[in-house]
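Engineer: Here is my input; please provide its structure:
(chains A and B)
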Amino acid sequence: DSGVTQTPKHLITATGQRVTLRCSPRSGDLSVYWYQQSLDQGLQFLIQYYNGEERAKGNILERFSAQQFPDLHSELNLSSLELGDSALYFCASSVRDTPYEQYFGPGTRLTVT
Amino acid sequence: GQSLEQPSEVTAVEGAIVQINCTYQTSGFYGLSWYQQHDGGAPTFLSYNALDGLEETGRFSSFLSRSDSYGYLLLQELQMKDSASYFCAVSSGNTPLVFGKGTRLSVIA
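Structural biologist: This next block holds a predicted model:
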């Protein structure tokens, strides 16, 4: 158990819908990272937040957005969902100065039908 | 941008030693990390090399050569439970961590 929690574990929704994925980092970690993992693309970095502020942006679509709240939990919002958005979404956390050592949550498996 | 190359699959015998190589291209390189991911599980951190040389952690060791933009993960005394995917990842100036596509290790009896 990494100490990072994610909800829900599974999510099935239809194309065009909007969903919110939630992540709570390890106690004391200020950085939260979101990743998308699909079979053909591997682990793709989406976005990083540090202490409530956006720190780095990766291959995140405009239809996706995220935020980190004062209690440091984070939410990833996915809208206008397409079939290709079906994937595993991981959240990870780290102490600010150690982005190379990240602790991953169990993931949310999103299926878009 | 950044790119990493690692073999897609490796098979090794229980009790043996296996080496998983990783070459990378990136600007502003800070270091090379390794992660393990079992099927259906989350990636877990194994090691990090910022400087040239070998880092040993139990049965696992990781090596980095900054001049060659190359590193490897060495797994000794292989066990069946080591069957998993192994990812190298680079930390660089623009992106916290960029992952390779992973190497699927199968340990056979």
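Engineer: Quick one: low-confidence residue ranges for chain A.
Structural biologist: Along chain A, segments meeting pLDDT under 70 span A:97.
Engineer: Could you list the residues of it in contact with chain B?
Structural biologist: Contacts of chain A with chain B, taken as C-beta under 8 Å from any C-beta of the partner chain, map to A:2, A:31, A:33, A:42-45, A:48, A:55-56, A:58, A:90, A:92, A:99-107. No exception for glycine: its C-beta is placed from N, CA and C like everyone else's.
Engineer: Number of residues surrounding A:Asp1?
Structural biologist: 7 (other C-beta atoms under 10 Å in any protein chain shown).
Engineer: and if you look at A:Gln36?
Structural biologist: 23.
Engineer: List the residues that contact it.
Structural biologist: A:Gln36 makes contacts with A:Leu43, A:Gln44, A:Leu46, A:Ala87, A:Leu88, A:Tyr89, A:Phe90, as judged by C-beta atoms under 8 Å, 6 or more residues apart in numbering or on different chains.
Engineer: For chain A, just list every one of the helices.
Structural biologist: Using DSSP state H, chain A contains no helices.
Engineer: distance from the centroid: which residue in it tops it?
Structural biologist: A:Thr113 (20.4 Å; C-alpha atoms, centre = their mean).
Engineer: which pair in the contacts of A:Gln36 spans the largest distance?
Structural biologist: Farthest pair in those (C-beta to C-beta) is A:Leu46 and A:Leu88. Separation: 12.2 Å.
Engineer: The two: who's more crowded?
Structural biologist: A:Leu46 (20 against 17).
Engineer: Pretty sure the more buried one sits against A:Ser74.
Structural biologist: No: shown here, A:Leu46 and A:Ser74 do not form a contact pair, counting by C-beta atoms under 8 Å, at 11.0 Å.
Engineer: Which neighbours do the two have in common?
Structural biologist: By C-beta under 8 Å, 6+ apart, A:Leu46 and A:Ser74 have these common neighbours: A:Trp34, A:Ala66.
Engineer: before we move on, back to that, ignoring the adjacent residues along the chain, who's closest to the residue farthest from the centre of chain A?
Structural biologist: Leaving aside its sequence neighbours, A:Thr113 sits nearest to A:Ala14 (C-beta to C-beta, 6 or more residues apart in numbering or on different chains; 5.7 Å).
Engineer: what ranges do the strands span in the chain?
Structural biologist: All of this is about chain A. A:5-7, A:10-13, A:19-24, A:31-38, A:42-50, A:53-57, A:64-68, A:74-78, A:87-94, A:103-104, A:108-112 (DSSP state E).
Engineer: not quite, I wanted chain B
Structural biologist: B:3-5, B:9-13, B:18-25, B:29-37, B:44-49, B:53-57, B:60-65, B:70-75, B:84-92, B:98-99, B:103-108.
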